[in-house]
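Participant: just the structure for this:
(chains A and B)
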Amino acid sequence: MTIVKKSLPYLLAVVASFVAAGIFIALMGFDVFKAYQTILFTSFRTPNGFIQTLLKFVPLLLLALAFTIPLTAGKFNIGGEGQMMAGGIGAAAMGIMFADLPAIILLPLVILGGVVAGALWGLVPAWLLYKFNINEILTTVLFNFIALFLIDYVCTGPWRDPAAGHPTTVLIGRGGWLPMLVNNPPLHSGIILAVLVAIGVYIYTSRTTGGYELIATGANPRAAGVFGIKTRRMFVLSLVLGGAVAGLAGAFEVAGNQHRLIEGMQSNFLQLGMIIGLISRGNNGAVPFVAFLIAVLEVGASAMQRTMMIPVEVVFIVEALILLFVLLSDVVRRK
Amino acid sequence: MENKTILELKNVRKVFGQIVALDSVSFALKRGEIHGLLGGNGAGKTTLMNILYGLYRKDEGEILLRDQAVSIEGPRDAINQGIGMVHQHFLQISNFTVLENIILGTDVKNKYTMKLEDEVVKVKELCQRFGLNVDLNDVMSTLPVGARQKVEILKALYRGVDILILDEPTTNLTPQEVDALFESLRVMVNEGLSIVFITHKLREVLSVCDRITVLREGKNITTLDRKDASEEVFVRAMVGEKMDIENSIYFATEERQVFDRTSVEAPKLKLENVNLISQDGVQRLKDLNLEVFGGEIVGIAGVAGNGQRELAEVVTGVVPVSSGKKIYMGDDVTSKTNEDLLSSGFSYIPEDRLSDGFLPKATVAQNLILGQHRIKPYSDGRFINWKTVYAETTKNIKEYNIKTNGPGDVGGNLSGGNIQRVLIARAFSMDSQVMVAHNPTRGLDIPSMDFVYQKMLARREAQMATLLISEDLDELMRISDRIAVIYRGEILGVLERSEFDKYAIGRLMSGISPENQPSKEKTLP
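Facilitator: Numbering: from 1, shown residues only, chains lettered A, B, ... in the order given. Sure, this is the predicted structure:
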């Protein structure tokens, strides 16, 4: 009963946003019902669609967590994209430098390379915040640009694949490839790790003392500090954890999907991750479910573009409207 | 001279969720009177006035202003109708000057040049007329609470109100400031204003109000002329039939047994020559020596802002001392942080509950374990035992009479008094050897205050040490075994219970130490 009651505003928000976006689609002269049918059911009609949805789900989930973990401590990590790219670079570096190692060593090394690189990308803004009180929103955003150019350098530098038309590196060692769960269409095993990470984050924030301190810091840093919580350390911890999770997403792109570093792999995961985090209202337990919903919409959107020639941006409108309506439902409920 | 009724609230009802905050409450204000609205925490005083000021919508009832029904949709309507309100928490911009705060939101004559000569004249005239002396060019954040309150009153007067609502106006004031405020209020009503004075302090309404309305649990209890009723009538009306006045500490008259320090070996807490110099180089605590024994309640008296907060934070380890020593049960704990101290027998009720003591975005249960979340029974150091926490929270909600929907309720839904109860429950539910309580009863009604005093005396019986820092001198004299008076970060004197004297303490509070007798005709700044 209470769950129904609690989720009702969200369901209403989703329905309302579909109705509102439907008006746009209709105005553009398309068939609204057919469009929504494509958006909602592509993921479930074919195995291929479902696997595509899961592949989309992994980075969305991780990037959303990279945003919500620091948010739990009251900090805004807008650098998930840069941390993901750094993670990709770290993973690719391991996979190329130690290409000949067997899988049992190379695979953990690749994953770890991504996680550590992502964490480092979160650590620098965190350290600047700790030491000099520099706003983390600014520094994490700026670090996205650094990662962007770094990836460009790596993809066109000594590891460049001369045969490719697009800036990419050579393949990483075979041992660094994530094992496949399904071979055709391909689904890599990163999803298991991603779900475990999400469960771990949920347990950490809701059950442990450390997680409690993160929540307390986010709720009122001054009071948390008065009662013995080292809030500045919590800020650092949360940003480093967020960076590590984003870095993991980068490692999965390299080890699971492309098996090489490709420019542009960050896609628009940062924006979608933030939208997911905000729709979940920072609740780490809700993030996986919202992330799955958005993955369904994303996959449905590209199918819709292919089959009906409706621009994929329509789905951005739907996603943005969901966010707006969820925020609006909070206001309405308070009245 | 018989003044006529200027404002009437009739059968006002207001429901929040399932809680009936006001149940058919009526209230009449006459022209030129100070009308006390007396009642405990949660009685509905502030809710009633917030409805009048347009901050809440009433569910039922009507408002008659000068015999005409009015609808007040927001504070702007209220001000246009001549109703002003001074809230308990001031709504001010702290880096603006006094003048800027007063004129904020009003039409200024020279809009583009911001030359404010006309406005200055008008404000100065108001200051003079009502005895509200503040320097208009002072920046808000530099002012003491008493002066900030004057600004808040000036804000209302500047907007030309003739009905002024004051919500617990004396909460943060010293006795001197209270006197000055009452004088100003008298001048205002003599000039034809009408004042609603919301308070839970009986002595204040008795000394300043013309008529008094008592509310309890959202209902009208009585409205009486000051001169027609005795103190007992109001006490009974306020606290209801349930409270045992005979055995209360609040109304206690008999002398308590004096604390016998010879029977205790060593103090639980000892400060030796503690100095604290703030980051901007100001000396906040100066050569401070203090001992608190087990089984003793030591009170710290002083005008607000004389180092009380710094003292509390030094003792609890929130800020490190600049020099000096801190000894806890014989061990040197000078370099220990608050994290260590809270886990090893300290508890703390901070003064500023909203900023220093409470997590509005967290649940009641999460709030209750703050500072004790690393130690048993709440946690094994790594995982929080939420089952125990929820069970304890449920128990504490009942014992400390916290009005909330349950342990999982969000802290931000609680009223100020209930937030204070959470802080009190947090500190008292742990058997701490040393408790630092800074204004622990601020914003509480009489039965709740009495409950806190009972708890403190129980600590005293159990041979635990309590440091009570309070701005309420009555409270300190009621419950302390000794009172130390702090002035500009220095302890000017310590009085035993047998030597308690309001005037002596008052002199020390204004910086006149025994070595510095007024007989020398030396005036201190």
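Participant: rest of the way, CA atoms for contacts and neighbours
Facilitator: Noted.
Participant: let me know whether B:V151 touches B:I102 as I believe.
Facilitator: Yes - proximity of B:V151 to B:I102 meets the contact threshold set by Cα atoms under 8 Å, at 6.8 Å.
Participant: and the next helix or strand past the helix or strand hosting A:Q37?
Facilitator: Assigning secondary structure by DSSP states H and E places A:Q37 in helix A:32-45. Tracing the chain past helix A:32-45, the next element assigned as helix or strand by DSSP H and E is helix A:47-72.
Participant: buried residues, that following helix. List them.
Facilitator: By neighbour count on 16 or more other Cα atoms under 10 Å in any protein chain shown, the buried set for helix A:47-72 is A:48-72.
Participant: take stretch A:61-69, keep the C-alpha atoms, and write them as CSV.
Facilitator: Taking Å, rounded to 0.1, in the frame of the first residue of the first chain, the C-alpha atoms of stretch A:61-69 are listed here in CSV:
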residue,chain,number,x,y,z
LEU,A,61,23.6,2.8,-14.1
LEU,A,62,27.2,3.4,-13.3
LEU,A,63,27.2,7.0,-14.4
ALA,A,64,24.0,7.7,-12.4
LEU,A,65,25.7,6.2,-9.3
ALA,A,66,28.8,8.3,-10.0
PHE,A,67,26.4,11.3,-9.7
THR,A,68,24.3,10.1,-6.7
ILE,A,69,27.1,8.8,-4.4
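Participant: give me the distance between it and the centre of its chain.
Facilitator: Centre-to-centre, stretch A:61-69 and its host chain are 5 Å apart (Cα atoms, centre = their mean, to the nearest Å).
Participant: what's in contact with it?
Facilitator: By Cα atoms under 8 Å, 6 or more residues apart in numbering or on different chains, the surrounding residues in contact with stretch A:61-69 are A:76-78, A:80-81, A:84, A:194, A:198, A:201, A:238-239, A:241-246, A:248-249, A:269-270, A:272-277, A:282-284, A:287-288, A:291-292.
Participant: one step back: which one's more surrounded, B:V151 and B:I102?
Facilitator: B:V151 (26 against 23; other Cα atoms under 10 Å in any protein chain shown).
Participant: extract the CA atoms of the host helix or strand of that one and return them as PDB.
Facilitator: B:V151 belongs to helix B:145-158 when assigned by DSSP H and E. Output in PDB follows, covering the C-alpha atoms of helix B:145-158 (Å, rounded to 0.1, in the frame of the first residue of the first chain):
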ATOM      1  CA  VAL B 145      20.500  39.400  18.900                       C
ATOM      2  CA  GLY B 146      18.800  42.200  20.800                       C
ATOM      3  CA  ALA B 147      19.700  44.700  18.200                       C
ATOM      4  CA  ARG B 148      18.700  42.500  15.400                       C
ATOM      5  CA  GLN B 149      15.300  42.100  17.000                       C
ATOM      6  CA  LYS B 150      15.000  45.900  17.100                       C
ATOM      7  CA  VAL B 151      15.700  45.900  13.300                       C
ATOM      8  CA  GLU B 152      12.900  43.400  12.800                       C
ATOM      9  CA  ILE B 153      10.500  45.500  14.800                       C
ATOM     10  CA  LEU B 154      11.600  48.600  12.800                       C
ATOM     11  CA  LYS B 155      11.000  46.800   9.600                       C
ATOM     12  CA  ALA B 156       7.300  46.300  10.600                       C
ATOM     13  CA  LEU B 157       6.900  49.800  11.900                       C
ATOM     14  CA  TYR B 158       8.500  51.300   8.800                       C
END
